[in-house]
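Trainee: coords below, sequence missing:
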């Protein structure tokens with residue numbers, strides 16, 4: 001045997017011996033090192049089970065891994081088995097390549113309070129300052145996570161949800177710069193599945209993500225929604241089929257399209273009563289682009305929605321009440337959070353309203369102006385809706401009314417543009433409503449609105465007539481034609497009202513009405529010999545006035561009209577031909593009437 005062959009044999013034998021020793025000793029050594037020095041590496045107790053290492057094939061297997069919380073007892077992360085395989089030839093060439101990385105039965109506990117996570121300290125320990133941008137020569141192929149469980153809890157807002165049967169598959173990650181694909185599949189504890197596929201181009205920092213959600217339970221979002229409105233419960237399931245494309249260099253620079261839907265939506269108050277319910281909500285997204293503030297939707301369809309609005313004795317509606325409670329709960333939580341922190345207030349700065357300002361307040365502007373939101377919906381449909389309205393703020397009796405079979409159409413709806421909206425609905429038991437609106441939805445200073453309603457039982461509105469005038473309406477069927485136009489914020493409206501067979505009771509004794517006018521006498525005079533009341537009531541006002549109210553403006557104008565009718569020389573000749581027409585159209589000086597001086601001379605029971 002030549003000298004060269006002897007040297008080569010010695011080298012091969014040495015490496016064979018080294019690999020053999022590594023195979024038998026490497027596994028126990030790795031286990032001992034991690035168990036002994038895990039606290040130094042991560043600041044946590046680390047417990048590793050049996051470790052198997054094959055120096056010839058490069059395979060590594062860990063039977064169990066346990067990382068504790070800071071208390072060294074509670075579990076933060078555990079994995080039943082980890083397997084990987086190092087590509088030895090590529091390793092000898094200077095590249096760290098793992099041909100596979102598999103984790104089975106991973107269990108992870110993520111706890112959050114405010115912005116602090118239960119592994120923030122680990123991230124700080126592992127943080128390394130990069131001196132250059134030289135990519136790490138590491139390639140990991142076939143990353144698989146099976147049969148895993150992830151639990152997340154935010155103790156500050158009360159969010160708590162789990163991911164069962166979590167599955168993760170990544171075909172490969174090359175830290176030297178190649179494209180990467182990631183697939184994730186998981187099941188939510190409260191119902192629903194998520195499947196997603198992400199393609200990432202590291203060279204251009206671009207990604208494309210397809211994700212599909214089936215049957216996700218909305219209850220898991222309740223703690224987050226309570227930041228805005230403090231609901232008692234949130235029910236329903238969400239289905240999503242969306243595609244997102246964007247750049248990781250600019251997180252908000254992405255586009256989104258696809259379909260979204262909700263079935264069985266039910267929003268309940270703290271007493272368990274439904275506030276909003278909808279059988280199905282369907283949204284087709286053509287494009288959502290945040291940098292351009294553009295939302296383009298092909299279709300938005302609400303099928304059989306229901307809304308319950310209730311005003312309590314303090315004149316506060318049920319929605320506003322829950323919004324204010326959410327603000328109160330958030331403020332109390334923030335106070336507790338700040339009290340628990342070590343904050344120096346010696347140089348405190350307060351806002352104009354006296355609140356402590358812990359950070360500089362700012363508003364986002366683009367090129368010197370706030371960018372406008374562009375919302376475009378090709379087809380906005382609301383089918384078979386129902387609205388329940390109850391007003392407990394009235395002093396003498398609550399007002400209860402219901403709109404049923406409400407249908408609303410708004411083709412080519414735009415948040416900033418002029419819209420054409422039509423609607424029809426059933427009013428009460430037998431009434432019917434038709435509605436037209438042309439104008440902007442946000443800025444109503446220039447708009448046209450028309451309402452036609454017929455077969456309205458005026459008895460239903462007695463709680464308001466008692467409140468305003470002191471008289472109950474016990475009978476009558478009403479039809480109305482309303483037409484309102486605004487120009488530069490100035491409202492001009494016409495109200496054509498026809499009431500058949502009206503009957504107004506005497507003024508209730510002991511009732512302090514808001515307007516001391518002869519409501520009963522006015523209705524009596526205006527009703528002709530066929531028991532038909534036919535009047536036109538013009539109204540005008542400034543919709544930009546903070547005190548402006550359509551309801552108050554209409555009642556006050558009607559009151560002035562009735563006062564003028566009762567004070568005219570024709571008030572006892574209501575059945576004569578032509579009298580009613582004269583009373584109806586002589587309305588030019590309604591705004592000049594002094595209500596107090598006239599109504600004080602009228603009988604209290606009128």
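Mentor: Everything's here; your move. Because the structure is a prediction, the values reported are computed rather than measured. Numbers count the residues shown, from 1 in each chain.

Trainee: what's the burial count for residue 89?
Mentor: 9 (other CB atoms under 10 Å). Quick note: C-beta positions are derived from backbone N, CA and C, even for glycine.

Trainee: quick one: it is in a helix?
Mentor: Yes: with DSSP: H, G, I helix; E, B strand; the rest coil as the criterion, residue 89 is part of a helix.

Trainee: Tell me the confidence at it?
Mentor: For residue 89, the pLDDT comes out at 76.

Trainee: How about residue 84?
Mentor: 89.

Trainee: That one: what's it in contact with?
Mentor: Contacts for residue 84 (CB atoms under 8 Å, 6 or more residues apart in numbering) come out as 59-60, 98, 100-102.

Trainee: Which parts of the protein belong to which domain?
Mentor: Using automatic domain parsing, the domain parsing of the chain gives 8-125+136-189, 440-599.

Trainee: Just name the closest of the contacts of residue 84 to residue 417, please.
Mentor: Residue 417 lies nearest to residue 101 out of the contacts of residue 84, by CB to CB, at 53.2 Å.

Trainee: could the domains of the chain be laid out in CSV, adding distance to residue 263?
Mentor: Below are these laid out as CSV (distance: least, CB to CB, whole Å):
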stretch, distance to residue 263
domain 8-125+136-189, 16
domain 440-599, 27
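
Trainee: Pick out the shakiest of those domains, pLDDT-wise.
Mentor: Looking at the domains of the chain, the lowest mean pLDDT belongs to domain 440-599 (a mean of 75).

Trainee: Any quick PyMOL command for the buried ones out of the contacts of residue 84?
Mentor: Buried residues among the contacts of residue 84 (16 or more other CB atoms under 10 Å), as a PyMOL selection:
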select buried, resi 59+60+98+101
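
Trainee: If you count residues, where's the longest helix of the protein?
Mentor: Criterion DSSP state H: the longest helix present in the chain is helix 318-340.

Trainee: Just checking the distance from it to the centre of its chain.
Mentor: 18 Å (CA atoms, centre = their mean, to the nearest Å).

Trainee: buried set for it?
Mentor: For helix 318-340, by 16+ other CB under 10 Å, it's 318-319, 321-322, 326.

Trainee: pLDDT averaged over that helix - what is it?
Mentor: On average, helix 318-340 scores 82.

Trainee: Could you pull out the helices in the stretch 101-250 of the chain for me?
Mentor: Per DSSP state H, counting those that start in this stretch, the stretch 101-250 of the chain carries helices over the ranges 120-126, 222-225.

Trainee: Then the chain?
Mentor: Listed from the start of the chain, the chain has helices (DSSP H) covering 3-21, 27-42, 88-92, 120-126, 222-225, 318-340, 462-468, 519-526, 550-566, 579-585, 595-599.

Trainee: Flag the shaky bits of the stretch 151-300 of the chain, pLDDT-wise.
Mentor: Residue ranges of the stretch 151-300 of the chain with pLDDT under 70: 172-181, 202, 249-252.

Trainee: switch to 50 and redo it
Mentor: Residues of the stretch 151-300 of the chain meeting the criterion pLDDT under 50: none.

Trainee: circling back to that earlier point, now, of the helices of the stretch 101-250 of the chain, which is deepest in the fold?
Mentor: Across the helices of the stretch 101-250 of the chain, averaging neighbours per residue (mean count of other CB atoms under 10 Å) puts helix 222-225 on top, at a mean of 16.

Trainee: What lies in contact with that one?
Mentor: Contact partners of helix 222-225, identified using CB under 8 Å, 6+ apart, comprise 154, 157-160, 231, 233-234.

Trainee: I'd say residue 100 and residue 142 touch.
Mentor: Yes: assessed by CB atoms under 8 Å, residue 100 is found in contact with residue 142 at 4.4 Å.

Trainee: Most widely separated two among the contacts of helix 222-225?
Mentor: Spatial extent of the contacts of helix 222-225 (CB to CB) is set by the pair 154 and 233 at 18.3 Å.

Trainee: Include distance to residue 34 when you put the helices of the stretch 101-250 of the chain into JSON lines, please.
Mentor: Converted to JSON lines, the helices of the stretch 101-250 of the chain look like this (distance: least, CB to CB, whole Å):
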{"stretch": "helix 120-126", "distance to residue 34": "15"}
{"stretch": "helix 222-225", "distance to residue 34": "37"}
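
Trainee: Please consider this matter closed, and thank you.
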